[in-house]
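Q: Give the three-dimensional model of this entry:
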Amino acid sequence: MAEKEASEALEIVVLAGGISHERDISLRSGRRVADGLNSLGHRVSVREPDSALLGFLTESRPDVVWPALHGASGEDGALRALLELTGIPFVGSRTDASRLAWSKPTAKTVVARAGVSTPDAVTLPKETFRELGANSVLATIIEGLGMPVVVKPAQGGSAQGVTIVTTAEELPRAMVDAYTYSEVALIERKVEGVEVSVAVIDTGDGAEALPAVEIEPVDGEYTFDARYNAGETRFYVPARLSAEVAEAVAQAASTAHTALGLRHLSRIDLIVDDAGVPWFLEANVLPGLTETSIMPQAIAASGRDLGDVYAALAVAAIAEG
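A: Sure, this is the predicted structure:
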């Protein structure tokens, strides 16, 4: 396919919706991406990932597909593998990288091997939890990791099924909540510090970490509601970090993005402890792009226009094929 310039009008299909727990957020993200691209004169259609999608793409052959699908339908690599088979360029990470990042335990292992700190954790399938007995398993976790811990589904996003556990009595319920969203739970030692999130973009010149966003939930916990309801969270852009720590955070995020093989855009979540050390928590292949999401805030803080960035990512995808 011939190379396209960002100024040329492109035929772009934005994918949004799906059947994951994050469907509504995906629809909001998709509308925002489409609005940004439309503002530059691109010809944009928004479509659901349904039974007619692949036939539509094969027949219409758009210049590029812009997935805005959160959750398993857009981030576990399956849909991206099918998009690769169509030969139509698409924005975002390829299949293998998506699979690595989608699994939080796997992502932690890969990023740790690249030299970035990540909290001690236990990965526990539901079958193992039942086979070895809940009481003995929980007692071993408490003894080995201490308190507090964070219990989360091994796959998934938007803080669904995530619980901060401060007492042993809270742990059983937290495990049940995590298993509601995934057959595997991750129990992670909680690092106390400043919660930050770093958007990483690459439009062809290498991965660039945008200004870190500091997250301060009003009620103390960055829940699903706190993420997507205005007024539930205070954001500081850039994060209130010293120049030295901010550089360490940016480096950790870029390292994680590169180690996982991510492409075009990602969001890397970290905790910065009292010593200024950034601890990797997870990587998001397709960050939220709603009006309250972190990536649009980071893009704005970098002095860029959202539509320009979304279009540049589309052009980069076309150039890579």
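Q: how near is the nearest residue to V218 once chain neighbours are set aside to A212?
A: Nearest residue to V218, sequence neighbours excluded (C-beta to C-beta, 6 or more residues apart in numbering): E232, at 5.8 Å. Bear in mind the C-beta positions are built from the backbone N, C-alpha and C, glycine included. Between E232 and A212 the computed distance is 20 Å (C-beta to C-beta, to the nearest Å).
Q: residue contacts, A316?
A: 91, 202-204, 264 (C-beta atoms under 8 Å, 6 or more residues apart in numbering).
Q: do you know how far V111 is from S103?
A: Taking C-beta to C-beta, one finds V111 at 12 Å from S103.
Q: Comparing these two, which residue is more hemmed in?
A: V111 (26 against 20; other C-beta atoms under 10 Å).
Q: can you tell me the helix or strand for that one?
A: helix 104-113 (DSSP states H and E).
Q: Excluding sequence neighbours, find me the nearest residue to L54.
A: Per C-beta to C-beta, 6+ apart, closest to L54 is L82, 6.4 Å.
Q: did I read that right, the one you found in a strand?
A: No - L82: not assigned to a strand; according to DSSP: H, G, I helix; E, B strand; the rest coil it is helix.
Q: okay but it is in contact with T58, surely?
A: No - L82 lies out of contact with T58 (C-beta atoms under 8 Å); the separation is 10.6 Å.
Q: So what pairs up with the residue most central in space within the chain in the strands?
A: By C-alpha atoms, centre = their mean, the mean C-alpha position of the chain lies nearest to N284, the distance being 1.7 Å. Applying DSSP bridges to N284 yields these beta-bridge partners: R267.
Q: Could you list the buried residues of stretch 72-79?
A: By neighbour count on 16 or more other C-beta atoms under 10 Å, the buried set for stretch 72-79 is 72-77, 79.
Q: Which two of those have the greatest separation?
A: S73 and G77 (10.9 Å; C-beta to C-beta).
Q: okay, now the residue nearest to V218: neighbour count?
A: Count around E232 with other C-beta under 10 Å applied: 16.
Q: That one against D219, yeah?
A: Yes - the pair E232 / D219 is scored as a contact, 7.4 Å apart, by C-beta under 8 Å.
Q: Wait, the residue nearest to the centre of the chain touches L262, no?
A: No - here N284 lies out of contact with L262, judged by C-beta under 8 Å, at a distance of 9.4 Å.
Q: Next, show the common contact partners of those two.
A: Common contact partners of N284 and L262 (C-beta under 8 Å, 6+ apart): A101.
Q: what's the following helix or strand after the helix or strand bottoming out on mean pLDDT in the chain?
A: Lowest by mean pLDDT, DSSP states H and E among the helices and strands of the chain is helix 224-228, with a mean of 51. Of the helices and strands lying after helix 224-228 in sequence (DSSP H and E), the nearest is strand 233-236.
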